[in-house]
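Undergrad: Quick one, structure for this:
(one chain, ligands or ions: 1)
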Amino acid sequence: APEKQPVFDAPVGVRPAVRAVPAYPFDPVQVPTKLDQNENPYDFPEDLKQQAAARMLERPWNRYPDLHADELRDRIAAYEGWEPGGVVVTPGSNVLIKLLTELAGIDQTVLTVDPTFSVYTLEARMLGARLVQVPLRDDFSLPVDALKVQLERQRPGVLYITQPHAPTGHVDDEAAVRELMDAAGDWVVVLDEAYYQYSGTDGRDLIREYPNALSLRTFSKAWGLAGLRAGYALSGSELATNLQKLVPAFNLNILTQAALEVALENPGYVQQRVQEGVAERERILAALADHPTCQALPSRANFFLLRTPDAEVAYRHLVEHGIVTRRQDRLRGLEGCLRVGVGTPAENDALIGAIQALK
Ligand code: PMP
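TA: Model (predicted):
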């Protein structure tokens, strides 16, 4: 009998659009100081972890969770001062980006700036949306006029505005964002506010005025709960109701729901950490202000860009000092740049020392 051929890596019927997209580019590096994912350097407080664990133990694990996490949506709504029918929660805001692309991007357009958060463009490509990117201005501000031209010219879809912007940390005047929302017509406008706590801005009042606009928020950054995976959208009911249809049933597991309830009952720890993160960011930027070859660029998020003469050399130098950052030097206008997260004061001291030793 003929021997069976191995089939593990045989070609299969994957859509070309999916095949063409590279796997999410992330290469974990094991070093003591992790400044490469814009995480919170502090874990969830120990006493709250204990409370969350106790609540997890009380619940039945053999039963499916609440279909659409209604209890949790109510609690997020109360925390945000929002209508419960305007909250959609998923395992991370990345999932919402996929669903928003399904909601209004497929067969239509995804419009964003360049550089931008990579998940917007990956999802647009995989789901077959027409992807249009407009270059950021040299000072990293929104190219409002050029975006308005595209809002007019393209078939409507999703417009992503990131405030603070990732990966630059830039925040625009509210007037610029408002001008885009005014021009958006039928477009769904996503205001991604993953880092808003670090900028002192808050798009909720703006979102309220526009039924086609939505704020994306996450528990991964200021809340320090990236490992739980939870993010949510705030919007009017029409957008939320339709977005909710796309959320797979029972999407948020009971353990995450229990821990998030405890977090929302005890949000006091967040503000103090955000204050420290902002103070530390400014301390790092000040300490690097007169560096002979590197430039730490101003930011209003929990990370900043470090412009270096050679990103490869700088990245390796920092890894040798036990610090991992994210290379951004292939992105438009970010030649030589690393994206660096703000860590604990001790981590930041090590970072400053290592960058100062970089010639
Ligand atoms: N939006 C932006 C701008 C981000 O930087 C991130 C995290 N890298 C996310 C959304 C997604 O965060 P999460 O899926 O952890 O909620």
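
Undergrad: what does the stretch 151-300 of the chain put close to the ligand?
TA: Residues of the stretch 151-300 of the chain that fall close to the ligand, judged by C-beta under 6 Å from any ligand atom: Thr162, Ala166, Asp192, Ala194, Thr218, Ser220, Ala226, Gly231. Where C-beta positions appear, they are placed from N, C-alpha and C, glycine not excepted.

Undergrad: Out of these, who's the most crowded?
TA: Asp192 (30 neighbours; other C-beta atoms under 10 Å).

Undergrad: could you list every residue that touches it?
TA: Ser93, Ile97, Phe117, Tyr160, Ile161, Thr162, Gln163, Ala166, Leu216 (C-beta atoms under 8 Å, 6 or more residues apart in numbering).

Undergrad: How confident was the prediction at the last one?
TA: Spelled out, it's Leu216. Leu216 is assigned a predicted lDDT (pLDDT) of 98.

Undergrad: Make sure I have this right: it is in a strand.
TA: Yes. Assessed with DSSP: H, G, I helix; E, B strand; the rest coil, Leu216 lies in a strand.

Undergrad: Just confirm it contacts Leu99, I think it does.
TA: No. Counting by C-beta atoms under 8 Å, Leu216 stays clear of Leu99, with 10.8 Å between them.

Undergrad: Run a quick neighbour tally on Arg332.
TA: As a measure of burial, Arg332 has 12 neighbours, counting by other C-beta under 10 Å.

Undergrad: all helices for the stretch 51-200 of the chain, in order.
TA: Assigned by DSSP state H, counting those that start in this stretch, the helices in the stretch 51-200 of the chain fall at 70-80, 93-104, 118-126, 144-153, 174-183.

Undergrad: for the stretch 251-359 of the chain, that is, sorry about that
TA: Taking DSSP H, counting those that start in this stretch as the criterion, the stretch 251-359 of the chain carries its helices at 254-265, 268-287, 311-320, 345-356.

Undergrad: State whether Glu83 and Arg73 are indeed in contact, as I suppose.
TA: No. Counting by C-beta under 8 Å, Glu83 sits too far from Arg73 to count as a contact (10.1 Å).

Undergrad: got a list of what the nearest residue to Asp186 once chain neighbours are set aside touches?
TA: Spatial nearest neighbour of Asp186, chain neighbours left out: Pro156 (4.2 Å); criterion: C-beta to C-beta, 6 or more residues apart in numbering. By C-beta under 8 Å, 6+ apart, the residues touching Pro156 are Ala104, Gln108, Thr109, Gly185, Asp186, Trp187.

Undergrad: Buried among those? Make that a PyMOL selection.
TA: The following PyMOL line selects those of these that are buried, judged by 16 or more other C-beta atoms under 10 Å:
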select buried, resi 104+108+109+187
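
Undergrad: Any chance of JSON lines for the contacts of Pro156, columns distance to Glu320?
TA: Listed next are the contacts of Pro156 as JSON lines, based on distance: C-beta to C-beta, whole Å:
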{"residue": "Ala104", "distance to Glu320": "46"}
{"residue": "Gln108", "distance to Glu320": "47"}
{"residue": "Thr109", "distance to Glu320": "44"}
{"residue": "Gly185", "distance to Glu320": "52"}
{"residue": "Asp186", "distance to Glu320": "52"}
{"residue": "Trp187", "distance to Glu320": "46"}
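
Undergrad: Return the residues in contact with the residue in the stretch 51-200 of the chain that the ligand sits nearest to.
TA: Nearest to the ligand, among the residues of the stretch 51-200 of the chain, is Gly92, at 2.9 Å (C-beta to the nearest ligand atom). Neighbouring residues of Gly92 by C-beta under 8 Å, 6+ apart: Thr218, Ser220, Arg229, Ala230, Gly231.

Undergrad: just Gly200 next, same as before
TA: With C-beta under 8 Å, 6+ apart, Gly200 has these contacts: Arg300.

Undergrad: any weak-confidence spans in the chain?
TA: 1 (pLDDT under 70).

Undergrad: domains for it, by residue range?
TA: 16-38+269-356, 46-265 (automatic domain parsing).

Undergrad: highest average neighbour count across those?
TA: domain 46-265 (a mean of 19; mean count of other C-beta atoms under 10 Å).

Undergrad: start to end distance for stretch 192-200?
TA: By C-alpha to C-alpha, to the nearest Å, the extent of stretch 192-200 from end to end equals 15 Å.

Undergrad: just how off-centre is that stretch within its chain?
TA: The chain centre lies 10 Å from the centre of stretch 192-200; the measure is C-alpha atoms, centre = their mean, to the nearest Å.

Undergrad: Ok, stretch 201-221 next?
TA: 13 Å.

Undergrad: Could you report the separation of Arg137 from Val190?
TA: 20 Å (C-beta to C-beta, to the nearest Å).

Undergrad: Surely Pro292 and Lys359 touch.
TA: Yes. Counting by C-beta under 8 Å, Pro292 does reach Lys359; the two are 7.3 Å apart.

Undergrad: List the contacts of Arg281.
TA: Contacts of Arg281 (C-beta under 8 Å, 6+ apart): Tyr198, Ser299, Asn302, Phe304, Val342.

Undergrad: if you set the cut-off to 10 Å instead, what comes out?
TA: Contact analysis of Arg281 by C-beta atoms under 10 Å, 6 or more residues apart in numbering lists 169, 198, 296, 298-304, 340-342, 348.

Undergrad: do Ser118 as well
TA: By C-beta under 10 Å, 6+ apart, the neighbours of Ser118 are Pro22, Tyr24, Pro25, Phe26, Ala166, Pro167, Leu331.

Undergrad: of the contacts of Pro156, closest to Ser237?
TA: Ala104 (16.2 Å; C-beta to C-beta).

Undergrad: Grab the nearest non-local neighbour of that closest one.
TA: Nearest non-adjacent residue to Ala104 (C-beta to C-beta, 6+ apart): Val188, at 4.4 Å.

Undergrad: That concludes my questions; thank you for your assistance.
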